[in-house]
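Colleague: Need coordinates for the following:
(chains A, B, C and D)
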There are 2 protein chains.
Amino acid sequence: MIDLGRLRALHAVASYKTVLAAGQALHCTPSAVSQQLAKLERETGTTLVEKDGRGLRLTEAGQLLARHAERVLATVDEAEAALAAHRDTVTGRLTVVAFATACRALLPWALHRLASEHPQLSTGLLEANPHEGLDALHRGHVDLAVLDDWPEAPLRYPAGIAHVELGWDLVDLVVPSGHRLSGTTTLAKCRDERWIAAPVGDICHEWLMRVMPGLQPDFHVGEFETQMTLIAAGLGIAVIPRLARTALPDGARIVKLNPEPRRRVVVAWREAAAARPAIKAAEQALRASWTQASAARASRTVNAPA
Amino acid sequence: MIDLGRLRALHAVASYKTVLAAGQALHCTPSAVSQQLAKLERETGTTLVEKDGRGLRLTEAGQLLARHAERVLATVDEAEAALAAHRDTVTGRLTVVAFATACRALLPWALHRLASEHPQLSTGLLEANPHEGLDALHRGHVDLAVLDDWPEAPLRYPAGIAHVELGWDLVDLVVPSGHRLSGTTTLAKCRDERWIAAPVGDICHEWLMRVMPGLQPDFHVGEFETQMTLIAAGLGIAVIPRLARTALPDGARIVKLNPEPRRRVVVAWREAAAARPAIKAAEQALRASWTQASAARASRTVNAPA
DNA sequence: GTCAATCATGTAGCCAACCTACAACGTGGG
DNA sequence: CCCACGTTGTAGGTTGGCTACATGATTGAC
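Modeller: Got it, this is the predicted structure:
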């Protein structure tokens, strides 16, 4: 197939009328241009230029090919321009995986912000636990992952996955209103309570087992709202991250823990896609969403203290 | 600017989904394809492919560029196809230069034939003497030349000009009906006649001076028709090529010469343009036109003998 | 008419780019 | 857990392009 360099040479000669000028335009010697033309003629089996006095003149075939060359070069230019535009535009499709609480408390605002700031970006959301999320990210099923990373059961980030910390999510002990515990306590002192935990396999359950080995919860419930309802009904106690807590139902109250358990909330992406503007924009949106949620929690705590 | 080979590699990977298959399609090793992709990524500063299990997957930027690559490659294909079609099509513009007599006796039929057989060909005609014609051909002002080449004053064909003989045009002596000469004669015996010749500078005049050195014609007239009218009026004698002779006017008759003077009629073109189909087609048309004119002269001679 | 300027085009040689062969690595399936 | 599959890195040979210089041809001026 025809080589682009040859087409460029022909086009330059067609434009500048002389091999010398074409060479200057292409930043090379006229000899190089001449050789390119000669090879183009050999390769196409066509006479493209003819001598014309001191200079030369394109034959009809040469003019024909020069016109086509112009189209080809223009098309290549378009491709480059489109790629350059894509390179620094938040566009395309961005799929995010997040753990359940983040899906509820963080992602709606983040995705809304993203959509309004970047209309060309189409978004998607997948709820999954951090292990699944990391795997989905690694396999390219999603472009961004929002993960909860417990210090006592830390995640393993595969090579090629970059991550940054969004912030720390503190964990409170929630007990029925009339419960004996009050003020500040430690998890060790709660070992004999009736526990409400996440289902087996859930990372929260895994963490709890790691923090309190041998504990045998009486309830296994995934949604924190349900856990709180169970607490308010006086059936047991549970540890609940603040990000997951909306309003405290009647019949439940908070007991501070010391040391305060906490999990890291992390945003992760493939390093290969790190340069993509959509990734950076999404991370910014998540960060904004995080500070907004933190502020909301703070004001809620002030307005309705435990 | 982007290289075509890289675009081809990307397009092949986009089409065949795997570097291996793309390599087979491009008749090279997967390593070569991989390297092309890597360079394309470096050059564009964009991530175009990402690993996906055992194989790989195009990023959005990769898909974008692959789509554009398809357009580019298609445009290049069009260019090649157009050039190939042009290469073996009688098309474009063909300008012919011819000496005066050929313009009248040969070219009308030849150009007509050419136009009817090859509607895509546009033709042009320029009347000029052989020297001017050869120069115009050499300079590229015309594409084909029909020349009269007198053995006694032969043309010099510059390098790069090819020519073939179309045929020989015999020359007769034409005298007034009541003239003393009859049968067969020689030019030498006519030296003392009143001569009608072409204008000074005309190749026919040049030839006559070469054949009969020192001759001083009394009349200098370019058109042979006029010469014959002068002869019929009894004003002198002249040598007239058969190609230029239409009907013999009353008052003029032919005297055969021995040896019979003759001129070669030649078709010439630039060797650089020899491959052009229009050149060959025009030469064929001229040849057909020549045999047709010869046949017409023969029948006219039979029907109206001197 | 001659001479100088201008322009294209060969040639030799250097250099960069490309491709192949081979090995190493990671992945998915039995 | 191992094997097949696919990509990617590396070394080496080859091709191809470009430069510098010389040559040939043409034009215009003195």
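Colleague: hey, let's count contacts and neighbours off CA atoms from now on
Modeller: Will do.
Colleague: which residues of the stretch 1-150 of chain A fall in helices?
Modeller: Residue ranges of the helices in the stretch 1-150 of chain A, as given by DSSP state H, counting those that start in this stretch, are A:4-16, A:19-25, A:30-44, A:60-87, A:100-105, A:107-117, A:130-138.
Colleague: Same list (the ones you listed) but as a markdown table, adding mean pLDDT.
Modeller: Below are these laid out as a markdown table (pLDDT from 0 to 100):
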| stretch | mean pLDDT |
| --- | --- |
| helix A:4-16 | 93 |
| helix A:19-25 | 91 |
| helix A:30-44 | 92 |
| helix A:60-87 | 92 |
| helix A:100-105 | 93 |
| helix A:107-117 | 95 |
| helix A:130-138 | 87 |
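Colleague: which one of those lies closest to chain B?
Modeller: Shortest distance between chain B and the helices of the stretch 1-150 of chain A, using CA to the nearest CA, is found for helix A:60-87: 5.4 Å.
Colleague: Report the angle between the closest one and helix B:30-44.
Modeller: What separates the directions of helix A:60-87 and helix B:30-44 is an angle of 70 degrees, with axes from the mean of the first three to the mean of the last three CA atoms, to 10 degrees.
Colleague: Tell me the residues of chain A that contact chain B?
Modeller: Among all residues of chain A, those adjacent to chain B (criterion: CA under 8 Å from any CA of the partner chain) are A:2-4, A:44, A:46-47, A:50, A:52-53, A:60-61, A:64-65, A:68-69, A:71-72, A:75-76, A:78-80, A:82-83, A:86-87, A:92, A:139-140, A:272-273, A:275.
Colleague: same thing but at 6 Å, please
Modeller: Listed as neighbours of chain B in chain A under the rule CA under 6 Å from any CA of the partner chain: A:His68, A:Val72, A:Thr75, A:Ala79.
Colleague: what about A:Thr123, distance to A:Leu134?
Modeller: 18 Å (CA to CA, to the nearest Å).
Colleague: between those two, who's got more neighbours?
Modeller: Set side by side, A:Thr123 and A:Leu134 show unequal neighbour counts under other CA atoms under 10 Å in any protein chain shown, the larger going to A:Leu134 at 27 against 16.
Colleague: picking that back up, indicate which one of the helices of the stretch 1-150 of chain A is closest to B:Pro108.
Modeller: Taking CA to CA as the criterion, B:Pro108 comes closest to helix A:60-87 out of those, the separation being 24.3 Å.
Colleague: Name the residues of that closest one that come out as buried.
Modeller: A:60-66, A:68-73, A:75-77, A:79-80, A:83, A:86-87 (16 or more other CA atoms under 10 Å in any protein chain shown).
Colleague: For chain A, give the strand that spans the most residues.
Modeller: Scanning chain A for the strand with the most residues, using DSSP state E, yields strand A:161-176.
Colleague: so what's A:Ala197 up against?
Modeller: If you count contacts by CA atoms under 6 Å, 6 or more residues apart in numbering or on different chains, A:Ala197 has them with A:Phe219, A:His220.
Colleague: brain fart, A:Thr91
Modeller: With contacts defined as CA under 6 Å, 6+ apart, the neighbours of A:Thr91 are A:Gln120, A:Leu121.
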